[in-house]
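Asker: For reference, the sequence and a predicted model appear below.
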Amino acid sequence: MSGVMHPVGPEPQETYWVRRAVVIGSALVLMIILLLVLFNLNGSQQPAPAAPPNPLPSLTPMTPSASPSSASPSPSGSASASASASGKATPSASASGKASSSASASASASGSPKAAGKASSSPSTKSTSTAVTQQTLTVCDPSDLDLSVDSPRTAGVSSSVGFKLSLTNTGSNTCVVTVNPNDFSLKLVSGSDRIWSTADCSTLVGQRLAQLTPKQSLNWTVEWNGKRSASGCKTRPGTPGAGYYWATASFTGVASDRARLILT
């Protein structure tokens, strides 16, 4: 015991104490390193917490606005979530990812999402086109229409005469005009004598539909057979003789200027 506390040897006493301190310090460092290694081994051998089971994706058909890639859940989302929690992807996350991939592949193979999207896109496009057409085809305002009638300068008694009619859009917008017997009439008079009128025979007018841009006109011709007219497309007795006759037209309250015709 005295040899431990009081070293004996040819070297100075301080040299022996330094040697003992180095040996004891080295032993303590080795013990500390050994304890740290054992602690780390025990900690790494503990099982990593199991990731919660990932449910299989639903195979409900997608809505038309969703694409197939966005409808089925991505397997990378669950795998990355498990990797961030434990430092690596767990077997359960990998299996769940494979199941999600196979379910997404089968949903794409069935073709039902594409069919649903295609079926709903056509009515939407068709309804939009109809709405645009209805907005474009606005009815012409009578105040934006100018009606004119033109006739030959002279014609023979009892001969047929063609009256040229023109309906012009004087407004600043494109519009639609419909000419039919209910809204249009052309008549021929001589003084106070009513000679002939399309109101007596609707087939003389027919029906016309035109879309008119600003300053554009709808032109057509109405034939007079040279006789007096009666209701029901009939004629009255008495042939109009030589003299001056005046033709006027009206459409939805818009009246034309008079056109002069001389029968010879």
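Answerer: Structure's in. What do you need? Numbering: from 1, shown residues only.

Asker: if I read this right, residue 151 contacts residue 258, doesn't it?
Answerer: No. If you go by Cβ atoms under 8 Å, residue 151 and residue 258 don't touch, sitting 9.7 Å apart. C-beta coordinates here come from the backbone N, C-alpha and C atoms, glycine included.

Asker: And for residue 152, the neighbour number?
Answerer: 13 (other Cβ atoms under 10 Å).

Asker: Spatially nearest residue to it (excluding sequence neighbours)?
Answerer: Beyond its immediate neighbours in the sequence, the residue positioned closest to residue 152 (Cβ to Cβ, 6 or more residues apart in numbering) is residue 161, lying 6.2 Å away.

Asker: So that neighbour versus residue 20, what's the distance?
Answerer: Here residue 161 is placed at a distance of 145 Å from residue 20 (Cβ to Cβ, to the nearest Å).

Asker: out of the two, which sits in the busier spot?
Answerer: When residue 161 is set against residue 20 and neighbours are counted by other Cβ under 10 Å, the residue ahead is residue 161, at 20 against 12.

Asker: Quick check: the gap between the more buried one and residue 142.
Answerer: For residue 161, the distance to residue 142 (Cβ to Cβ) stands at 27 Å.

Asker: Can you spell out the domain ranges of this structure, please?
Answerer: In the domain annotation for the chain, the residue ranges read 2-42, 68-133, 142-263 (automatic domain parsing).

Asker: What segments of the stretch 151-264 of the chain are strands?
Answerer: Along the stretch 151-264 of the chain, the segments classed as strands by DSSP state E, counting those that start in this stretch run 154-155, 161-169, 175-179, 184-190, 193-197, 208-212, 217-224, 228-230, 234-236, 243-251, 254-255, 259-263.

Asker: How about the contacts made by the residue nearest to residue 152?
Answerer: For residue 161, the contact set (Cβ atoms under 8 Å, 6 or more residues apart in numbering) comprises 151, 152, 155, 223, 224, 226, 261.

Asker: how close does the fifth one get to residue 180?
Answerer: Spelled out, that is residue 224. To residue 180, residue 224 is 19 Å away according to Cβ to Cβ.

Asker: Over to the third one?
Answerer: Computed with Cβ to Cβ, the distance linking residue 155 and residue 180 is 27 Å.

Asker: Show me which helix or strand of the protein is least confident by mean pLDDT.
Answerer: The helix or strand of the chain with the poorest confidence is helix 75-86; it has a mean of 40 (mean pLDDT, DSSP states H and E).

Asker: Run through the bridge partners of residue 250.
Answerer: With DSSP bridges as the criterion, residue 250 is bridged to residue 185, residue 255.

Asker: Where does pLDDT dip in the chain?
Answerer: For the chain, the stretches flagged by pLDDT under 70 are 1-9, 43-136.

Asker: for it, which helix is longest?
Answerer: If each helix of the chain is counted by residues according to DSSP state H, the longest one is helix 13-44.
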